[in-house]
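> What follows is a predicted structure for the sequence shown.
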Amino acid sequence: MKIETTLKALKAQDWRVLAKTMTMVESQRSDHRLFSWDLMKKILCDAQLFHHSKVIGISGPPGVGKSSFLEAFVPQLLEKGLKVAILSIDPSSQMSGGSILGDKTRMTQLAAHPHCFIRPSPAGAKLGGISSKTREMILLCRYFAFDYIFVETVGVGQSEVEVAQVVDYLAMLISPGAGDDLQGIKKGILENIHLLIVHKADADKKVQTQTTCHHYQESLKVLNVNSVPVLAASSLEKTGLVEVLNTLEQYFANYEWSAASQFEFVQNWLKIALEEQFLQQFRQNQALQKQLATQAQSLLNGKLDWPDLYNSCLQEMKLSTK
Ligand SMILES: Nc1nc2c(ncn2[C@@H]2O[C@H](COP(=O)(O)OP(=O)(O)OP(=O)(O)O)[C@@H](O)[C@H]2O)c(=O)[nH]1
Ligand SMILES: [Mg+2]
């Protein structure tokens, strides 16, 4: 694919090209990496890039109902004629390197909607709730000018800090009765979220829901994070969804991306892109991996010094500059 043709197709809102471009951006091939870089370079020059889409992170522990919430919540936006993208990060199996990629099947109704684009991505080896390519995916969706972009994170519980770096708004889902866990949630995380949703607040859990909401409101007060609203919702019974939408719309009514946050996003992106590349080069360097076996033996013989190990590793890495 040519850069100019791709950009034109994205601007013309060609969904097929968007999906194909995302596959290239996620690819580990060095020619695809260069393509991705050149594409991002052009995309970042778009003056409107950060001013249209609302990017919202949906975070929370595994099984709290993040996908179900999106399946129930997003139709409200689609009914208004808005275009929505959902980037869902799937946990990857460290053993097989594979990914379950099951979220698309859990959002069947949305997946069939012509104005809703769902893209599952494997989290890969990276921790922090998003994949190493989530930033590029968001930039592509911004360029495509989706009205809303949702990022469903891997529910690792403590991933909110990193997710917060890439979204405009972060909602965290918790279950009724999970209030006791608040001590386990670090203050730093609560400072990064904009909304707490007590989810699976079905009618038969009314008392439990009220107690949990109260518990969180009190704890947020103690932590001095009063600005975070606590709402209850049930995706199963489709309750509380309008209130969540109102809260979102209120927030975005006066929202403007600052040049500083734009700069920070790009700076972080560069850091992650380089980290990823260094790590990949380290892992894929066969000679280096072989050398490590010899080094391990030297260490067992009491002969290996850290500077020698480090310098020989650097020497080996220099051989591959692709
Ligand atoms: N009672 C009740 N169950 C729900 C509700 N929403 C979702 N569930 C159930 O919760 C389970 C997990 O839902 P998911 O939407 O897959 O949860 P998730 O957070 O996306 O899960 P992961 O992506 O695997 O972390 C499913 O069995 C849903 O049917 C709800 O509002 N009430
Ligand atoms: Mg899910």
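Now that the structure is in, tell me what you want to look at. Ligands and ions are numbered 1, 2, ... in the order given.

> Check what pLDDT residue 82 gets.
Residue 82 carries a pLDDT value of 98.

> quick one: contacts for it?
Residues in contact with residue 82 (Cβ atoms under 8 Å, 6 or more residues apart in numbering) are 115, 147-148. From N, CA and C alone the C-beta is placed, and that goes for glycine too.

> and which of these is nearest ligand 1?
residue 148 (17.7 Å; Cβ to the nearest ligand atom).

> Give me the phi and psi for that closest one.
Backbone torsions for residue 148, taken as degrees, to the nearest 10, come to phi -130, psi 140.

> Excluding covalently adjacent residues, which one is nearest to it?
Leaving out its chain neighbours, the residue that sits closest to residue 148 by Cβ to Cβ, 6 or more residues apart in numbering is residue 84, at 4.8 Å.

> Bridged to the one you found, which residues?
Assessed by DSSP bridges, residue 84 has beta-bridge partners residue 116, residue 148.

> just to revisit the earlier point, need the contacts of residue 82 in JSON lines (columns: neighbour count).
Formatted as JSON lines, these follow (neighbours: other Cβ atoms under 10 Å):
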{"residue": "115", "neighbour count": "17"}
{"residue": "147", "neighbour count": "16"}
{"residue": "148", "neighbour count": "21"}
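
> between those, which is closest to ligand 2?
residue 148 (17.4 Å; Cβ to the ion).

> that older thread, could you pull up the residues touching the residue nearest to residue 148?
Per Cβ under 8 Å, 6+ apart, neighbours of residue 84: 74, 77-78, 110, 115-117, 146-150.

> switch the cut-off to 10 Å
53-54, 56, 70, 73-75, 77-78, 110, 113, 115-118, 141, 146-150 (Cβ atoms under 10 Å, 6 or more residues apart in numbering).

> Need the per-residue pLDDT for residue 111.
88.

> since we're on it, how many residues are nearby?
15 (other Cβ atoms under 10 Å).

> if I look at it, how far off is ligand 1?
Per Cβ to the nearest ligand atom, to the nearest Å, residue 111 is found 14 Å from ligand 1.

> Relative to residue 26, which of the contacts of residue 82 is nearest.
residue 148 (21.8 Å; Cβ to Cβ).

> That closest one against residue 83, yeah?
Yes. The pair residue 148 and residue 83 qualifies as a contact (Cβ atoms under 10 Å) at a distance of 7.8 Å.

> where do the contact lists of those two overlap?
Joint contacts of residue 148 and residue 83 (Cβ under 10 Å, 6+ apart) are 53, 77, 116, 141.

> okay if I get those residues as TSV plus pLDDT, secondary structure and distance to residue 16?
Listed next are these as TSV, based on pLDDT from 0 to 100; DSSP: H, G, I helix; E, B strand; the rest coil; distance: Cβ to Cβ, whole Å:
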residue	pLDDT	secondary structure	distance to residue 16
53	95	coil	20
77	98	helix	22
116	96	strand	15
141	97	helix	15
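
> Can I get those residues in CSV including neighbour count and distance to residue 40?
Listed next are these as CSV, based on neighbours: other Cβ atoms under 10 Å; distance: Cβ to Cβ, whole Å:
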residue, neighbour count, distance to residue 40
53, 23, 16
77, 19, 27
116, 23, 24
141, 26, 13
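
> Of the residues you listed, just say which sits nearest to residue 217.
residue 77 (27.2 Å).

> Report the separation between the closest one and residue 302.
Taking Cβ to Cβ, to the nearest Å as the measure, residue 77 and residue 302 are separated by 64 Å.

> try residue 74
61 Å.

> out of the two, which sits in the more crowded spot?
Taking neighbours as other Cβ under 10 Å, residue 74 and residue 302 compare with residue 74 leading, 23 against 6.
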